[in-house]
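In: after the sequence you'll find the predicted model.
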Amino acid sequence: MFWTRTGLLLAVLLVVSIGSLWISSAMAAGTWKNLVTSLGTGTMISAIVGFGQTLITASASQRALVTPLVEESRKALRDLSAEYRALNTEFFPTHVFEASTSPDPELNRLLMNDLGVSRSYFFRGFSGRHAAALQ
């Protein structure tokens with residue numbers, strides 16, 4: 001929404017500026033030509049300054065508002081997941097392994113250990129989350 005309104009305003013300023021400068025180039029010298037040229041130059045400068053201010057404001061608001069919120073949400077999700085796993089390990093033991101390009105020996109060790117105590121095994125998702133189904 002912010003970029004849409006600001007982009008529209010900047011586009012209008014540029015159209016007015018280019019139109020005014022184009023019209024003034026066809027006018028005869030005099031007060032009206034100076035007025036139209038001033039209008040074109042002023043709106044061009046306003047568009048350039050407005051675009052710069054928009055970039056500065058958008059990047060500052062991104063750093064001040066969005067980034068901390070995303071980090072706090074990730075931290076809360078990690079804490080909630082850890083608490084959930086801790087509460088359910090007695091009834092539904094799980095192990096979570098982050099995605100990587102190399103094999104994790106801990107996954108293989110836990111997998112073989114869990115397969116040794118159970119004949120059933122459940123995989124959840126595509127990320128390597130698994131749990132032995134103890135019978």
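Out: Yep, it's here.
In: do a quick rundown of the strands in the chain.
Out: Using DSSP state E, the strands of the chain run over 120-124, 129-133.
In: what mean pLDDT would you report for the first one?
Out: Taken as a whole, strand 120-124 carries a mean pLDDT of 64.
In: and the longest helix along the chain, what does it pack onto?
Out: In the chain, ranked by residue count with DSSP state H as the criterion, the top helix is helix 31-61. In terms of contacts (3 or more Cβ pairs under 8 Å, 6 or more residues apart in numbering; DSSP states H and E), helix 31-61 is packed against helix 2-26. Any C-beta I mention is one placed from the backbone N, CA and C, and that applies to glycine too.
In: what is the distance between stretch 18-35 and the centre of its chain?
Out: 45 Å (Cα atoms, centre = their mean, to the nearest Å).
In: got the end-to-end distance for it?
Out: 14 Å (Cα to Cα, to the nearest Å).
In: quick one: average confidence on that stretch?
Out: Averaged over stretch 18-35, pLDDT sits at 90.
In: return the helix or strand in the protein with minimum mean pLDDT.
Out: strand 129-133 (a mean of 53; mean pLDDT, DSSP states H and E).
In: show me where the protein dips below the pLDDT cut-off.
Out: For the chain, the stretches with pLDDT under 70 are 1-3, 89-94, 119-135.
In: list the buried ones in the longest helix of the chain?
Out: Along helix 31-61, these residues count as buried under the neighbour rule (16 or more other Cβ atoms under 10 Å): 36-37, 39-40, 43-44, 46-47, 51, 54.
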